[in-house]
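Visitor: The following comprises the amino acid sequence and a computationally predicted model.
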Amino acid sequence: MNERTTSTAAPLARLIEEFYRLPGIGPKSAQRLAYYLLRMPAADAHSLAEAIVEVKDKVTLCSTCQNVTEVDPCRICTDSGRDRSIMCVVEEPLDILALERTGSYHGLYHVLHGAISPMDGIGPDDLKVSELLDRLRAGETKEIILATNPNLEGEATSMYLSRLIGPLGLRVTRLARGLPAGGDLEYADDLTLTRAIEGRQEMDGA
Amino acid sequence: MPPRARLYKTEAIILRGRKLGEADRILTLFTPTFGKMEAKAKGVRKTTSRLSGHLQPLNRCQLQLARGHVSDVITGCETLASFRGLRDDLDLLSRALYVAELTDRMTADHVQSLPTYRLLLDTLGRLESSPAPDTVLRFFEMQLLDQSGFRPELERCVGCGNALEPVDNFFAPVAGGTVCRQCVPGLAGPRVMTLNGLKVLRLLQRGSYNDVARVNVPPALAEEVERHLRSYIIGVLERNVNAAAFIDHLRREGARTKIEV
Ligand SMILES: [Zn+2]
Ligand SMILES: [Zn+2]
């Protein structure tokens, strides 16, 4: 017999260790969470475990727009009711939720999964930029809305993309110019976002 | 060190910010009186925050802070200069971010350096107006090295100590400066330094910005000088400067676009 099976608390120790590896969780919180789960009704614990397995097994990235999805292509990309001539580029999947909540945008999306942050060593090659170019070259898109966050990284990303996309001859607009500077798009309220979509401005391809 | 009063004011240039928790940011500031320091900006990622627009990297501002247990908290901010010209141009922005990152990496917390604050402020202003932004960067690099105690030797050979002959010599970042022909064997990573390259580097080290700005440096020579300074900086920091990679990326894509057109 190995050491692990001889100790009754080994599964608990393992769970504490697993929690400890998560972002923002220290050793104390890891212990607290593990003991909380230990006291939880079995059905609840199984349901949580299933949810974790399911999110890993069933949720992937849409191979077209890079949003998180359980079907590929995702429901937005295959929705025949959406305007395929217009595409909104966002930093994170959560930004799509914020924009969908407004009900005032009916085009397609593209998720970059981040923003250019030169000081942190995050450049265009670390984002879903080549996937975006491939989609634009395919030719259905007439207008692209750059909806990156209205902060320095988001502005840098939009300037970079508008320069890159410029030669393709599309209409390139910037959403966040109407939003207060420095904030994250996901925290914007519906009215502000709707105004920002309606008031989007042409970018000059800086 | 920051003063003992619970509330205090300081001018600052914001070097960078990183996310903290749900909606806060930790900012790295460079101040005339306390040198480099960190401060917390609460709630600035909410779009309703009144401070967020003022607390962007590269902003020069007048801050009000409250002393905190771990880091001080920003309670008020007034923008003195936002360097709009740097934010609206990607080539200039990438260079300004390089300046901010290098300042952050070359300086220690809470070490006052008014010359470095001055240099940082002047450099951002020069980037905004100079027709040769890369020259602005080279002058900044050389002066910052000097102020941080890493002045490269450019007069004598670091091997034998003899004054350099007016010919092509070598530059060995790890050894701390220029090396003559006789001393090159056995040294790690020496690169050829042309006589003109040496002249430009000496001017960057000893001249004023106005002296430097008057000299017209041909592209190949500018490239050599940049290469020497970059390898020297990497040697000092024992790591790359991240923002330099983005400058290179933009240059490569710029060159490609020109070829296609
Ligand atoms: Zn999709
Ligand atoms: Zn020698």
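Guide: Nice, I can see it. Ligands and ions are numbered 1, 2, ... in the order given.
Visitor: Helices of the chain, start to end?
Guide: I went with chain A, as the question did not name one. According to DSSP state H, chain A carries its helices in the segments A:3-6, A:10-20, A:27-39, A:42-58, A:75-78, A:93-102, A:129-137, A:152-165, A:190-198.
Visitor: that answer is for a different chain, and I need it for chain B
Guide: With DSSP H as the criterion, chain B has helices spanning B:84-87, B:90-106, B:114-129, B:133-147, B:195-206, B:209-214, B:219-237, B:242-260.
Visitor: looking at the ones you listed, which has the lowest confidence?
Guide: Considering the helices of chain B one by one, the lowest average pLDDT is found for helix B:242-260, at a mean of 85.
Visitor: Contact residues of the stretch 101-250 of chain B facing ligand 2?
Guide: Counting by Cβ under 5 Å from the ion, the stretch 101-250 of chain B comes close to ligand 2 at B:157, B:159, B:160, B:180, B:183. Any C-beta I mention is one placed from the backbone N, CA and C, and that applies to glycine too.
Visitor: Dump those to a markdown table, plus neighbour count.
Guide: Written out in a markdown table, the entries for those read as follows (neighbours: other Cβ atoms under 10 Å in any protein chain shown):
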| residue | neighbour count |
| --- | --- |
| B:157 | 23 |
| B:159 | 20 |
| B:160 | 10 |
| B:180 | 19 |
| B:183 | 20 |
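Visitor: any chance of those in TSV, plus pLDDT and distance to residue A:168?
Guide: TSV is the format used below for those (pLDDT from 0 to 100; distance: Cβ to Cβ, whole Å):
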residue	pLDDT	distance to residue A:168
B:157	95	54
B:159	91	55
B:160	92	59
B:180	93	54
B:183	91	55
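Visitor: give me the subset of these touching ligand 1.
Guide: Intersecting these with the contacts of ligand 1 gives an empty set (criterion: Cβ under 5 Å from the ion).
Visitor: Narrow those residues to those in strands?
Guide: Judged by DSSP state E, those include no members of strands.
Visitor: could you dump the helices of chain B to a markdown table with mean neighbour count?
Guide: As requested, those are exported to a markdown table (neighbours: other Cβ under 10 Å):
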| stretch | mean neighbour count |
| --- | --- |
| helix B:84-87 | 17 |
| helix B:90-106 | 23 |
| helix B:114-129 | 18 |
| helix B:133-147 | 22 |
| helix B:195-206 | 18 |
| helix B:209-214 | 14 |
| helix B:219-237 | 17 |
| helix B:242-260 | 15 |
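Visitor: and the ones you listed as CSV, adding distance to ligand 1?
Guide: What follows is these, written out as CSV (distance: least, Cβ to the ion, whole Å):
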stretch, distance to ligand 1
helix B:84-87, 32
helix B:90-106, 28
helix B:114-129, 40
helix B:133-147, 40
helix B:195-206, 51
helix B:209-214, 51
helix B:219-237, 41
helix B:242-260, 27
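Visitor: for the closest residue to residue B:60 other than its chain neighbours, what are its contacts?
Guide: Distances taken as Cβ to Cβ, 6 or more residues apart in numbering or on different chains put residue B:81 closest to residue B:60, at 4.2 Å, once the chain neighbours are dropped. In this structure, residue B:81 makes contact with B:59, B:60, B:124, judged by Cβ atoms under 8 Å, 6 or more residues apart in numbering or on different chains.
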